[in-house]
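J.: structure for this input, please:
(one chain, ligands or ions: 4)
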Amino acid sequence: MTSFASCARFPMIVAAIVVALAPVAISQTGFAQERIDPAKVVGRATCKKCHAAEQAAWERSSHNLKAWKNLEHPNAKDFAKALDVADPKTAAACTSCHGTRRRHEGQLVIAQGNSCESCHGAAGGEQGWLNIHSDFGLGRKVTETTTMAELLADRGQESSGHRDARDAACDKAGMNRSGNAFRIARNCLQCHSVPNEKLVAAGHPMSTRFEFVEWA
Ligand code: HEC
Ligand code: HEC
Ligand code: HEC
Ligand code: HEC
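T.: Residues are numbered from 1 along each chain as shown. Ligands and ions are numbered 1, 2, ... in the order given. Alright, predicted model coming up:
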């Protein structure tokens, strides 16, 4: 049905690759979430126009309900201190994993919680995947009045050659597609394995709990 209902099989994939990936992630200086360019994040209001069901499922998820609230948790102060951060709610060191950073009209706007693009990758910008991923090669120009039904009908007529080219273009543009299970799971781990030694040393929770968690 929706992203979160269909996420049910993910914990198993994640558990299977967590051991292989965690050491790699820890040795990197800037992990994927920190490398997301806020100028390329369009924000979930844009996604909602076409993906209302996924938005509704997301609203019920921990990524919306709990991720930001963690920054008010009593332990947050200790973790902030470990990274020399004065305010967890404005510092990229915390908000890259507990929020979604977006540059809008020159201002940095930090949305609360992990939004669509925290998982699927920043969508905007000239080479962004936003327009590519819903262009099925039939020449339709998407406007305010284009409906999802029209787009799905287009998708039904897409040639397999175009489909392959579209998938490749989306991958290149940084999309974590639901069709690319390894890449999307690797992105989960970029947050959940917490590749920051100072944070982990200060007691910040990491992947061990995540491996056994049920994703409903
Ligand atoms: C103009 C409408 C439109 C907008 C805006 C839009 N999408 Fe889509 N999206 C589609 C269509 C059409 C599909 C293909 C239908 C499907 O796979 O269910 C799709 C498919 C997807 C898929 C699955 C495709 C795959 O190959 O894995 C994801 C994930 C996705 N969109 C995420 C997003 C996110 C995140 C945003 C906001 C940044 C967004 N979409 C904005 C129309 C749109
Ligand atoms: C690499 C991503 C990442 C970074 C960076 C990060 N967090 Fe977290 N944080 C998480 C994840 C994922 C969880 C949930 C872990 C779980 O429940 O298994 C979490 C959980 C927490 C919790 C839950 C409290 C607890 O002890 O159970 C607090 C508080 C918290 N983070 C605060 C912070 C603060 C403050 C910062 C910045 C100094 C920060 N985090 C930076 C990913 C991150
Ligand atoms: C915590 C990470 C995460 C967040 C946040 C997230 N998604 Fe997803 N999404 C996934 C995963 C994982 C899948 C693949 C599920 C599967 O195929 O089993 C997925 C699948 C999808 C699909 C394809 C659904 C289908 O049935 O094929 C769309 C569309 C989508 N997401 C849109 C969104 C939108 C819009 C948002 C924001 C409102 C969002 N996602 C937020 C992880 C996420
Ligand atoms: C941008 C960082 C980020 C990404 C990417 C991310 N998560 Fe999370 N996730 C969090 C934070 C922060 C929380 C809130 C922790 C809490 O529940 O206290 C969380 C919560 C969860 C929870 C609920 C844990 C609980 O104890 O309630 C599950 C399950 C989960 N994430 C699975 C996933 C999966 C699966 C993916 C990839 C499809 C993913 N996450 C991607 C940061 C992230």
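J.: which bits of the protein sit near ligand 1?
T.: Contact residues, the chain versus ligand 1 (Cβ under 6 Å from any ligand atom): 42, 46-47, 49-51, 116-117, 120, 123, 130, 133-134, 142, 151-152, 155, 177-179. (Glycine included, C-beta is placed from N, CA and C.)
J.: how about the residue nearest the centre of the chain, what does it touch?
T.: With distances taken as Cα atoms, centre = their mean, Cys119 lies nearest the centre of the chain, 1.6 Å away. Contact analysis of Cys119 by Cβ atoms under 8 Å, 6 or more residues apart in numbering lists His63, Asn176, Ile184, Asn187, Cys188.
J.: ok, those vs ligand 1, which is closest?
T.: Asn176 (7.6 Å; Cβ to the nearest ligand atom).
J.: in this structure that closest one contacts Ala122, no?
T.: No - taking contacts as Cβ atoms under 8 Å, Asn176 lies outside contact range of Ala122: 10.2 Å.
J.: anything in contact with each of those two?
T.: Common contact partners of Asn176 and Ala122 (Cβ under 8 Å, 6+ apart): none.
J.: which of the contacts of Cys119 fall in helices?
T.: His63, Ile184, Asn187, Cys188 (DSSP state H).
J.: burial of the first one, as a residue count?
T.: I take that to be His63. If you count neighbours by other Cβ atoms under 10 Å, His63 ends up with 20.
J.: try the last one
T.: Summarising burial for Cys188: neighbours were counted as other Cβ under 10 Å, giving 22.
J.: what about it, distance to Glu144?
T.: 33 Å (Cβ to Cβ, to the nearest Å).
J.: and the ones in helices among the contacts of Cys119, which two are furthest apart?
T.: For the ones in helices among the contacts of Cys119, the farthest-apart pair by Cβ to Cβ is His63 and Ile184; their separation is 13.7 Å.
J.: related to what we said a few turns ago, now pLDDT and distance to ligand 4 too, for the ones in helices among the contacts of Cys119, in JSON lines please.
T.: Listed next are those as JSON lines, based on pLDDT from 0 to 100; distance: Cβ to the nearest ligand atom, whole Å:
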{"residue": "His63", "pLDDT": "94", "distance to ligand 4": "5"}
{"residue": "Ile184", "pLDDT": "87", "distance to ligand 4": "6"}
{"residue": "Asn187", "pLDDT": "86", "distance to ligand 4": "5"}
{"residue": "Cys188", "pLDDT": "87", "distance to ligand 4": "3"}
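J.: now the element after the helix or strand bottoming out on mean pLDDT in the chain, going C-ward?
T.: Lowest by mean pLDDT, DSSP states H and E among the helices and strands of the chain is helix 10-27, with a mean of 42. Next helix or strand after helix 10-27 toward the C-terminus (DSSP states H and E): helix 32-35.
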